[in-house]
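Asker: what follows is a protein structure lacking sequence information:
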DNA sequence: GATTGCATGTAACTAGTTACATGATTGT
DNA sequence: ACAATCATGTAACTAGTTACATGCAATC
């Protein structure tokens, strides 16, 4: 049982999903490719933590709808209070930032602009998702409601994207203005 | 040449360092163990991107002081404008957050408290480093000054730690107050 | 006609972690 | 006594990525 396996179980507490849907849902929390997820789901099934129902489709490939079992929930419950490993962040941009003086300001600017574009799209996506969730919850947000986890994570994703954009803007302002051709 | 290799070259633009020092310096930007770094340094040396001077020490193990070569700098220069890969973040806490309703509020609180402790220590560390760097730079911060990269990265580390703590505090406030025994 | 989305899976590879190995000094 | 810091390295393992494989529908 590695962390991703627990993560997949965690996602399944939100309801039954296909491997493909799990793969998409877990991305913002734990990046993983389908080639890593499918074998883990097979292991989880063998261990009795999840089960699946095969669903045949006509115009799309057949699929397997996974749900978490009682055993799986027990497994999650004992995992949560365990020591949480330190978050890992690996960002090539930060390595480039360290030696950015090696290049001209124009190159530095396009570096930052690419990052701004990336996080603007993320911000938009997460803001929308948060707005929709808020509509659904309709003011009824409490620890016990099933959308609670989702809510605090979306709020985080939004404020995180905003912080990223602020930093980018600040750095951009520090770069010397290049008199354009 | 993988990203970590470029990262090591990037760190060496700040001056000559031992493998051990490089390992420590790169941690906040790109987590890596010494067992990954030493073999990469050997490869970089064989490729001519770095060179080292062996230094014998009496009361400590001998060491190798690495510096970046002209070729290494050229390599960095061509790397910077390349497409930057998306940052990867993997945080077990977020997976736990998604299914936190499975546990009691007390467990959720200690989860958050552990994270608060972690980032309070980080904030303290980075704030100190930033304050020292500001003293050194003494108002003279510009794109071309060698401390520029360090400066923008430390500023980021500080504001990032603050944002993390804010989110933790906000979540903590949402958790139901447990009437203690 | 080419790409994207749905949907699953395996094979081959690279990246990253843990453990083994050594050894003196300093602090608890 | 025991752990931590400095300092390097290798071996064995796990985790994660890229590539291969299939196939139909809709969109561009």
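Answerer: On my side now, so go ahead. In this text, all values refer to a predicted model and were calculated from it rather than measured experimentally. Numbering: from 1, shown residues only, chains lettered A, B, ... in the order given.
Asker: make it CA atoms for all contacts and neighbour counts henceforth
Answerer: Noted.
Asker: now the longest helix that chain A contains: buried residues?
Answerer: Secondary structure of chain A per DSSP state H: the longest helix is helix A:105-137. Neighbour-count burial for helix A:105-137 flags A:105, A:108-109, A:111-113, A:115-116, A:119, A:122-123, A:126-127, A:129-130, A:133, A:137 (criterion: 16 or more other CA atoms under 10 Å in any protein chain shown).
Asker: contacts only, for residue A:17.
Answerer: When contacts are counted by CA atoms under 8 Å, 6 or more residues apart in numbering or on different chains, residue A:17 touches A:65-67.
Asker: dump those into a markdown table; add secondary structure, pLDDT and distance to DNA strand D as well.
Answerer: Below are these laid out as a markdown table (DSSP: H, G, I helix; E, B strand; the rest coil; pLDDT from 0 to 100; distance: CA to the nearest atom of the strand, whole Å):
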| residue | secondary structure | pLDDT | distance to DNA strand D |
| --- | --- | --- | --- |
| A:65 | strand | 97 | 16 |
| A:66 | strand | 98 | 19 |
| A:67 | strand | 98 | 21 |
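Asker: residues touching residue A:22, list them.
Answerer: When contacts are counted by CA under 8 Å, 6+ apart, residue A:22 touches A:8, A:11-12.
Asker: show the pLDDT at it.
Answerer: On pLDDT, residue A:22 comes in at 98.
Asker: and whatever helix or strand residue A:25 lives in, is it in reach of DNA strand C?
Answerer: Residue A:25 belongs to helix A:19-26 when elements are defined using DSSP states H and E. Yes: legend: contact between helix A:19-26 and DNA strand C by CA under 7 Å from any atom of the strand is shown at A:19-21.
Asker: equivalent analysis for stretch A:43-53, please.
Answerer: No: under the criterion of CA under 7 Å from any atom of the strand, stretch A:43-53 makes no contact with DNA strand C; the nearest approach is 8.9 Å.
Asker: what residues does that stretch touch?
Answerer: Here stretch A:43-53 has contacts from A:5, A:9, A:41, A:64-73, A:75, using CA under 8 Å, 6+ apart.
Asker: now do it: distance to the chain's middle.
Answerer: Taking CA atoms, centre = their mean, to the nearest Å, the mean C-alpha location of stretch A:43-53 is offset from the chain mean by 23 Å.
Asker: likewise stretch A:56-74?
Answerer: With CA atoms, centre = their mean as the basis, stretch A:56-74 stands 21 Å off its chain's centre.
Asker: with stretch A:32-42 instead?
Answerer: Remark: stretch A:32-42 is offset 16 Å from the chain centroid, using CA atoms, centre = their mean.
Asker: tell me which residues in it are buried?
Answerer: Neighbour count says stretch A:32-42 has A:37, A:40-41 buried, by 16+ other CA under 10 Å.
Asker: now do the same for the most centrally placed residue in chain A: its pLDDT.
Answerer: When CA atoms, centre = their mean is applied to chain A, the residue found nearest the centroid is residue A:28 (0.9 Å). With respect to pLDDT, residue A:28 scores 96.
Asker: name the SS class of it, please.
Answerer: With DSSP: H, G, I helix; E, B strand; the rest coil as the basis, residue A:28 sits in coil.
Asker: for it, give me phi and psi.
Answerer: Here is the backbone geometry of residue A:28 (degrees, to the nearest 10): phi -70, psi -20.
Asker: all helices of chain A, in order?
Answerer: Ranges of helices in chain A, per DSSP H, are A:3-12, A:19-26, A:34-46, A:70-79, A:92-98, A:105-137, A:148-174.
Asker: tell me the contacts of residue A:175?
Answerer: A:105, A:108-109, B:142-143.
Asker: and the least confident of the residues you listed?
Answerer: residue B:142 (84).
Asker: so what's the closest residue to that residue other than its chain neighbours up against?
Answerer: Spatial nearest neighbour of residue B:142, excluding adjacent residues (CA to CA, 6 or more residues apart in numbering or on different chains): residue B:148 at 6.4 Å. If a contact means CA under 8 Å, 6+ apart, then residue B:148 has A:98, A:101, B:141-142 as its contacts.
Asker: okay, who's weakest in the residues you listed by pLDDT?
Answerer: Ranked by pLDDT, those bottom out at residue B:141, which has 80.
Asker: roughly how far apart are the nearest residue to it once chain neighbours are set aside and residue B:130?
Answerer: Computed as CA to CA, 6+ apart, the closest residue to residue B:141 that is not its neighbour in sequence is residue B:148, at 6.5 Å. Separation of residue B:148 from residue B:130 (CA to CA, to the nearest Å): 12 Å.
Asker: who's in contact with the closest residue to residue A:18 other than its chain neighbours?
Answerer: Closest residue to residue A:18 apart from its sequence neighbours, by CA to CA, 6+ apart: residue A:65 at 4.5 Å. Contact analysis of residue A:65 by CA under 8 Å, 6+ apart lists A:16-19, A:52-55.
Asker: equivalent analysis for residue A:26, please.
Answerer: Residue A:26 is in contact with A:7-8, A:11, A:32, counting by CA under 8 Å, 6+ apart.
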